[in-house]
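[1] no sequence for this one, just the structure:
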């Protein structure tokens with residue numbers, strides 16, 4: 001396949017990315033999901049895939065496609081067509097659903113996460129088919145519509161359609177390149193537990209002059225949150241760390257060999273002078289990979305408008321997420337948090353389970369993973385930076401392992417980099433990153449098809 005014109009594939013991938021990014025497929029708002037699924041199915045059909053929509057009650061359709069290849073080898077691709085909300089809209093420099101090319105970057109919600117990768121994969125498959133009669137391997141592809149809300153129905157879709165999804169391995173939603181140009185490969189993802197805390201202290205807001213005698217929902221919520229995580233960063237929930245599995249020696253070795261530019265990326269992209277606890281170097285990378293987290297995503301209480309309103313809040317809410325590591329289980333952690341609040345005198349604080357994902361990973365020594373890692377190093381020309389566990393979560397990983405038994409990983413076929421601002425205003429991909437993603441995809445399909 002060396003005769004393929006990567007530049008023409010790059011242009012088609014950009015065009016496909018623009019077309020996909022015009023769809024405001026925000027799963028949190030249930031926007032445009034059906035029409036985006038239709039577009040994805042149309043694009044796959046046009047590339048020669050036999051397609052169908054996989055559905056369960058209450059969920060937008062997942063799109064499944066199969067493209068038969070010449071040999072016995074097979075590969076499952078996973079992507080999602082839904083995107084994050086655009087808020088705060090005022091921080092965008094161009095409309096989020098009007099893809100805009102500026103300074104050799106394509107700006108749009110969903111460009112980095114992960115519609116550009118769909119564009120790269122699809123454009124590459126089209127070009128390889130046009131260059132020959134068939135691909136060297138069978139491609140199965142599933143594209144869901146609820147990843148950004150923790151895929152609440154996708155486990156059922158996978159369980160009901162496990163036979164369709166069987167393959168030699170799976171490429172999940174992909175990685176990109178580190179700041180130093182090394183390809184990044186994720187062998188697994190942390191789990192996630194998303195919860196909401198609510199405090200109702202009064203029947204209605206009160207004049208702040210009563211603050212000396214009436215309870216404040218804001219202060220009550222603050223106290224509950226501080227009981228969960230101390231000011232020193234310690235997660236105080238009893239039993240929270242009991243199930244944490246000790247990382248293997250091979251996993252620790254992989255982290256030690258990761259690109260040190262991870263630290264530089266975090267400093268540059270987020271304007272950080274000092275990290276939590278002053279952590280740096282290998283300790284920082286190990287914490288990103290192996291440590292569970294406790295995070296406040298948002299807080300709402302009282303008045304936040306212009307000027308001042310002297311009010312004592314009756315109600316306060318906080319949204320939290322916990323990134324979990326093997327062998328922590330979201331449902332068990334939720335119960336631990338509830339028990340912790342009750343034991344600390346916060347039984348009045350309501351706790352709501354919002355979403356979850358199980359931690360899951362492929363072993364570094366897995367044969368499929370080794371082949372993908374070798375291709376990445378050969379094509380990019382630099383040793384991959386391997387994440388035994390990525391800091392993010394991807395619910396499909398545990399579902400595929402549980403119901404299909406597939407090894408998998410995230411590989412550098414996504415034209416994304418550390419500053420792509422996924423989930424943030426001005427999300428974008430760089431045009432320069434499309435070519436290496438395409439070259440990797442071509443080489444990987446050829447290698448796996450041998």
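    Happy to help now that I have it. For clarity, every value in this text was computed on a predicted model and none was experimentally measured. Numbering: from 1, shown residues only.

[2] thought residue 295 was touching residue 322?
    Yes: between residue 295 and residue 322 there is a contact under Cβ atoms under 8 Å: 7.3 Å. All C-beta spots, glycine's among them, are computed from the backbone N, C-alpha and C.

[3] So if I had to pick from those two, which one is more boxed in?
    Neighbour tally, residue 295 and residue 322, criterion other Cβ atoms under 10 Å: the higher count belongs to residue 322, 25 against 11.

[4] helices or strands up against the helix-or-strand element of the chain with minimal mean pLDDT?
    When each helix and strand of the chain is scored by mean pLDDT, DSSP states H and E, helix 261-270 comes last, with a mean of 91. Applying 3 or more Cβ pairs under 8 Å, 6 or more residues apart in numbering; DSSP states H and E, we find helix 261-270 packed against helix 281-290.

[5] and with 10 Å instead?
    Applying 3 or more Cβ pairs under 10 Å, 6 or more residues apart in numbering; DSSP states H and E, we find helix 261-270 packed against helix 281-290, strand 385-387.

[6] Give me the buried positions along that helix.
    For helix 261-270, burial by neighbour count (16 or more other Cβ atoms under 10 Å) applies to 261, 262, 263, 265, 266.

[7] list residues touching both of residue 295 and residue 322?
    Contact with both residue 295 and residue 322 is made by residues 194, 229, according to Cβ atoms under 10 Å, 6 or more residues apart in numbering.

[8] Dump the helices and strands packed on helix 261-270 into TSV; add mean neighbour count, distance to residue 123 and mean pLDDT as well.
    TSV is the format used below for the helices and strands packed on helix 261-270 (neighbours: other Cβ atoms under 10 Å; distance: least, Cβ to Cβ, whole Å; pLDDT from 0 to 100):
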stretch	mean neighbour count	distance to residue 123	mean pLDDT
helix 281-290	17	32	97
strand 385-387	26	26	96
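
[9] Between those, which one is closest to residue 63.
    Nearest to residue 63, of all the helices and strands packed on helix 261-270, is strand 385-387, at 27.7 Å by Cβ to Cβ.

[10] State the paired neighbours of the closest one in the sheet, together with their directions.
    Sheet pairing for strand 385-387, assigned by DSSP bridges, gives strand 184-186 (parallel).

[11] just checking, what packs against the helix or strand just after the partner strand?
    Using DSSP states H and E, the helix or strand that follows strand 184-186 towards the C-terminus is strand 188-189. For strand 188-189, the packing partners by 3+ Cβ pairs under 10 Å, 6+ apart come out as strand 360-361, helix 395-403.

[12] one more time with 7 Å, if that's ok
    strand 360-361 (3 or more Cβ pairs under 7 Å, 6 or more residues apart in numbering; DSSP states H and E).

[13] What are the contacting residues of the strand it packs on?
    187, 188, 189, 388, 389, 397, 398, 401 (Cβ atoms under 7 Å, 6 or more residues apart in numbering).

[14] rerun at 6 Å
    If you take Cβ atoms under 6 Å, 6 or more residues apart in numbering as the criterion, strand 360-361 is touched by 187, 188, 389, 397, 398, 401.

[15] domains of this structure?
    6-189+360-448, 191-244+292-357 (automatic domain parsing).

[16] how about the contacts of strand 360-361 in a markdown table, adding neighbour count?
    Formatted as a markdown table, those follow (neighbours: other Cβ atoms under 10 Å):
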| residue | neighbour count |
| --- | --- |
| 187 | 25 |
| 188 | 27 |
| 389 | 25 |
| 397 | 29 |
| 398 | 21 |
| 401 | 18 |
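
[17] Could you take those residues and lay them out as JSON lines, with extra columns for distance to residue 371 and pLDDT?
    Converted to JSON lines, the contacts of strand 360-361 look like this (distance: Cβ to Cβ, whole Å; pLDDT from 0 to 100):
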{"residue": "187", "distance to residue 371": "13", "pLDDT": "97"}
{"residue": "188", "distance to residue 371": "17", "pLDDT": "96"}
{"residue": "389", "distance to residue 371": "21", "pLDDT": "96"}
{"residue": "397", "distance to residue 371": "19", "pLDDT": "93"}
{"residue": "398", "distance to residue 371": "23", "pLDDT": "93"}
{"residue": "401", "distance to residue 371": "19", "pLDDT": "93"}
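
[18] Low-confidence stretches in the stretch 151-300 of the chain?
    Nowhere does the stretch 151-300 of the chain drop to pLDDT under 70.

[19] which stretches of it form helices?
    With DSSP state H, counting those that start in this stretch as the criterion, the stretch 151-300 of the chain has helices at 154-160, 217-228, 249-256, 261-270, 281-290.

[20] same thing with the stretch 301-450 of the chain?
    Here the stretch 301-450 of the chain has its helices, by DSSP H, counting those that start in this stretch, at 330-343, 367-380, 395-403, 434-448.

[21] Put together a markdown table for the ones you listed, with distance to residue 67 on each row.
    Listed next are those as a markdown table, based on distance: least, Cβ to Cβ, whole Å:
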| stretch | distance to residue 67 |
| --- | --- |
| helix 330-343 | 35 |
| helix 367-380 | 19 |
| helix 395-403 | 19 |
| helix 434-448 | 11 |
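
[22] Any idea which of these gets closest to residue 31?
    helix 395-403 (20.5 Å).

[23] Give me the residues contacting that closest one.
    For helix 395-403, using Cβ under 6 Å, 6+ apart, the contacting residues are 78, 150-151, 155, 158-159, 162, 170, 189, 357-358, 360, 406.

[24] go with 7 Å
    Contacts of helix 395-403 (Cβ under 7 Å, 6+ apart): 78, 150-151, 154-155, 158-159, 162, 170, 172, 188-189, 357-358, 360, 406, 408.

[25] One more: stretch 224-231?
    197, 235-237, 294, 296, 318, 337, 340-341, 344, 346, 349.

[26] ok, now stretch 255-275?
    178-180, 182, 280, 282, 284-286, 289, 385-386, 388, 418-419.

[27] rerun at 8 Å
    178-180, 182, 184, 280-282, 284-286, 288-290, 383, 385-388, 418-419 (Cβ atoms under 8 Å, 6 or more residues apart in numbering).

[28] got it, and stretch 66-78?
    Under the contact criterion Cβ under 8 Å, 6+ apart, stretch 66-78 has outside partners 47-51, 121, 125, 129, 133-144, 164-173, 396, 400, 406, 408, 445, 448-450.

[29] at 7 Å what do you get?
    Taking Cβ under 7 Å, 6+ apart as the rule, stretch 66-78 contacts 48-50, 121, 125, 134-142, 165, 167-173, 396, 406, 448-449.

[30] Inside strands: which ones of these?
    With DSSP state E as the criterion, strands contain 50, 138, 139, 140, 141, 142, 170, 171 from among the contacts of stretch 66-78.

[31] Now the residues you listed in TSV, please, with extra columns for neighbour count.
    Listed next are the ones in strands among the contacts of stretch 66-78 as TSV, based on neighbours: other Cβ under 10 Å:
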residue	neighbour count
50	11
138	20
139	27
140	20
141	25
142	24
170	24
171	26
